[in-house]
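S.K.: structure for this input, please:
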Amino acid sequence: MTSKDRQRELERARYERVQARLAQQQEAAKKRNKITAAVAAVAVVGIGVGVAIATSGGNKTDSSANSKPTSASSTPSGSPTTPAPTSSSPEKIGYTKTGNASKDVGVPTYNAADAAKPYSATISFNSGDLSFDALTTKAPYTTYSFKYLAGKGYFTNTTCHRLVTSGIYVLQCGDPSGTGGGGPGYQFQDENLTGATYTAGTIAMANAGPGTNGSQFFIVFKDSPLPANYTPWGKVTSGMDVVTKIAAAGEDDSNGQGDGKPKQTVTIKSVTIK
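M.R.: Model prediction:
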């Protein structure tokens, strides 16, 4: 066997291991989603947090925030109750096509050199601008995905669907459908979870369990006691007043726990990468 053949064999074995791992994560996420709704209220009271962050179909944040923050829920409806493991070899996983995209812009092809480049971004809301620095060295897959989606106009004219003002304090956005159940049609692994905290100004991913990041993210507008389950990937540098004013206007409290749609319509007009 030549060295080139040996390399191909190693790459094939690595790919198969990654696919098996992803399949296990997705199956575990499905099982969690079936039982989370039943125990969410109890879990929230037990941990004293209150609301979750997740995205329907998978993305949530506990009231702790993809998604209601990967879609969000009240405890996180749909978000995990135990910390998600940190990906030890994120470069071996990458983006996996899954489900239907809320807005189909394709799947990014990861480029390590481009992903390592630092960048800042400005989210232009209908009520003002918010700027942040992307943590490219700590969460390269996450920041590369966001830059890719922004460049494709994925976030343009989308509505932020969730605001949590009790227990945790987050504004959740990133689903073009505006329902909290949508995503880009692909998922990728968690990053930067070790020692993660969610202080005011943190931008993190909402999810539906380990390895289910998509496009939904949340902005923390007040220090929040979330478990280290949500990839922190950005830090606000200006414009926090835009989010605090949105929070001050309140939410519709659809579940009676300070967790619902913002009363003030919140639209992302555009995202500019610098």
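
S.K.: roughly how far does residue 107 sit from residue 99?
M.R.: 12 Å (C-beta to C-beta, to the nearest Å). Backbone N, C-alpha and C define where each C-beta goes, glycine included.

S.K.: pull up the overlap in contacts between the two.
M.R.: Residues touching both residue 107 and residue 99 (C-beta atoms under 8 Å, 6 or more residues apart in numbering) are residue 185.

S.K.: and residue 264, how many neighbours does it have?
M.R.: Residue 264: 16 surrounding residues under other C-beta atoms under 10 Å.

S.K.: now do residue 194
M.R.: 10.

S.K.: with the one 3 residues further on instead?
M.R.: Using other C-beta under 10 Å as the criterion, residue 197 is surrounded by 12 other residues.

S.K.: check contacts around it.
M.R.: Contacts of residue 197 by C-beta under 8 Å, 6+ apart are 228, 232.

S.K.: state the pLDDT value of it.
M.R.: pLDDT for residue 197: 98.

S.K.: ok, residue 120 - contacts?
M.R.: 131, 132, 133, 134, 237, 273, 274.

S.K.: of the residues you listed - the most surrounded one?
M.R.: Busiest of the contacts of residue 120 [other C-beta under 10 Å] is residue 134, holding 24 neighbours.

S.K.: ok, it touching residue 116?
M.R.: No - with contact defined as C-beta atoms under 8 Å, residue 134 does not reach residue 116; the gap is 11.1 Å.

S.K.: what about residue 107 and residue 99, which has more around it?
M.R.: For residue 107 versus residue 99, neighbours defined as other C-beta under 10 Å are more numerous around residue 107 (18 against 15).
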